[in-house]
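# Give me coordinates for this.
(one chain, ligands or ions: 1)
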Amino acid sequence: MPFSEFYQDLISDLKNDDSRLKIWGEQLEAQLAEVLVDQTHGDMQAWSEAFKQLPNIENINANINQDTLSFESALVSDGQSQALLSALQSLKPWRKGPFDFFGHHIETEWHSDWKWQRISPHISDLKNRKVLDVGCGSGYHMWRMLAQGASRVIGVDPSKLFFWQFEAVKKYLKAARNENVPAHFLPFKMEDVPPNLRVFDTVFSMGVLYHRRSPIEHLAELYNALRAGGEVVLETLVVEGELGQVLMPEDRYAMMRNVWFLPTVDTLSLWMRRVGFKDVKVVEQNYTSIEEQRTTDWMEYNSLKDFLDPNDHTKTAEGYPAPLRATLIART
Ligand SMILES: C[S@@+](CC[C@H](N)C(=O)[O-])C[C@H]1O[C@@H](n2cnc3c(N)ncnc32)[C@H](O)[C@@H]1O
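Numbers count the residues shown, from 1 in each chain. You can find the predicted model right below:
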């Protein structure tokens, strides 16, 4: 299946949009061709083969408005079930979920549903909103956003494996609905999205800010992607402490190599105000538990328990404060 087929409806909708999305629609095809046809990524071929092995199933009942996103059908043969299991296993590791594909339950590394339970009560109604999910992972939260009535959800994330996991879910949702599904995963970084689109009603950035060398630039990108009066939902690692304090790890943080800045919530609120956000509110804070992020049959590598001090789970393996996440909501 040529990659353009994943995006035909998006590209034609964007080209016909009367906002600045039109400009993006005109560039997108070339941009996608560049990233998706990149042959230097060794696993791309295997993942695309796995996707092709996903059986076509009829009479699907999809439920994306619950914690485990699930697909059911009475018409799955044993052969199809085996082919499905094998394809899903070829798309391991599954980090963000959970999902259930016709009885194959995918217990992901992260209970992404718990994050959604904490955050969703605080956000503006997503009904008929255009949403951008920056660093969308496998797209788990995008499906929850769509289920809440968003008119379009665009996710950007450079992970190619997450792209295939997203497309596996989308394949069965499209089949269940028998129509195009207005959710799209763009396999590139936020830095590659045209600047100053100023069109999205809600922009999510969850678990991304600490990966950015330049967090203020990231906040400005989010601000400039939003329409006037739009809402940002920012979730990131923070540390306890006062206004002005920020932790910059010497090297790794909880074994992650690419962690740059962990501000206090007061510092982060100031950063947000300085790029122009109004009504900045801290809506929740949560220490990540080893029940929320853990090794499973579908993600067999080390996980949070192995990244903490074995004798003191209030510290990371490097001796920093254990992962504390905060969500801040603000508007342009
Ligand atoms: C910790 S995961 C969070 C996934 C999901 N948003 C969640 O909250 O469960 C961070 C994701 O951000 C992506 N990411 C990292 N840098 C990014 C960038 N510059 N632009 C877009 N996504 C990025 C990574 O590939 C990864 O999937």
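
# ok, the residue of the stretch 1-150 of the chain found nearest the ligand - contacts?
In the stretch 1-150 of the chain, the residue that lies nearest the ligand is Gly135 (2.8 Å; CB to the nearest ligand atom). For every residue, glycine as well, the C-beta is placed using N, CA and C. Contacts for Gly135 (CB atoms under 8 Å, 6 or more residues apart in numbering) come out as 156-157, 190, 205-208, 211.

# who in the stretch 151-300 of the chain is up against the ligand?
156-159, 162, 189-191, 206-208, 211 (CB under 6 Å from any ligand atom).

# Which ones among the contacts of Gly135 map onto strands?
Members of those lying in strands (criterion: DSSP state E): 156, 205-206.

# re earlier: neighbour-wise, which one of the contacts of Gly135 leads?
Asp157 (25 neighbours; other CB atoms under 10 Å).

# Return the residues in contact with it.
135-137, 163, 185-187.

# Break down this protein into its helices, ranges please.
4-15, 21-36, 44-53, 78-90, 112-119, 140-147, 160-177, 215-225, 265-274, 304-307 (DSSP state H).

# List the buried residues of the shortest one.
Burial within helix 304-307, assessed by neighbour count using 16 or more other CB atoms under 10 Å, is assigned to 304, 307.

# go on, the first one?
Going by neighbour count (16+ other CB under 10 Å), the buried part of helix 4-15 is 6-7, 10-11, 13-14.

# Output the residues you listed as TSV; include the columns pLDDT.
Listed next are the buried residues of helix 4-15 as TSV, based on pLDDT from 0 to 100:
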residue	pLDDT
Phe6	88
Tyr7	91
Leu10	92
Ile11	91
Asp13	89
Leu14	90
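
# before we move on, the earlier item: and the gap between the residue of the stretch 1-150 of the chain closest to the ligand and Leu304?
Going from Gly135 to Leu304 by CB to CB, to the nearest Å gives 18 Å.

# what do you get for Ser205?
Distance of Ser205 to Leu304, computed by CB to CB: 21 Å.

# hmm, back to that, out of the ones in strands among the contacts of Gly135, which comes closest to the ligand?
Nearest to the ligand among those is Met206, at 3.4 Å by CB to the nearest ligand atom.

# Go ahead and confirm that closest one touches Leu237.
No - using CB atoms under 8 Å, Met206 makes no contact with Leu237, being 10.9 Å away.

# Now do the contacts for Asn180.
Contacts of Asn180 by CB under 8 Å, 6+ apart are 9, 174.

# Repeat that for Asn196.
Residues near Asn196 by CB under 8 Å, 6+ apart: 20, 224.

# can you rerun that using 10 Å?
Counting by CB atoms under 10 Å, 6 or more residues apart in numbering, Asn196 touches 20, 23, 220-221, 223-225.

# likewise Gln148?
Contact partners of Gln148, counting by CB under 10 Å, 6+ apart, are 64-65, 116, 120, 123, 125-127, 129, 131.

# Nearest to Pro195 among the residues you listed?
Closest approach to Pro195 among the contacts of Gln148 (CB to CB): Val131, at 18.5 Å.

# tally of neighbours for the closest one?
Val131 has 27 neighbours, counted by other CB under 10 Å.

# Help me confirm that it comes into contact with Asp201.
Yes - assessed by CB atoms under 10 Å, Val131 is found in contact with Asp201 at 6.8 Å.

# any residues in contact with both of those two?
Joint contacts of Val131 and Asp201 (CB under 10 Å, 6+ apart) are 150-152, 230-231.

# Can you give me the neighbour number for Gln245?
Gln245: 13 neighbours (other CB under 10 Å).

# can you tell me how far it sits from Thr267?
Using CB to CB, we find Gln245 at a distance of 6 Å from Thr267.

# This completes my enquiry, with thanks.
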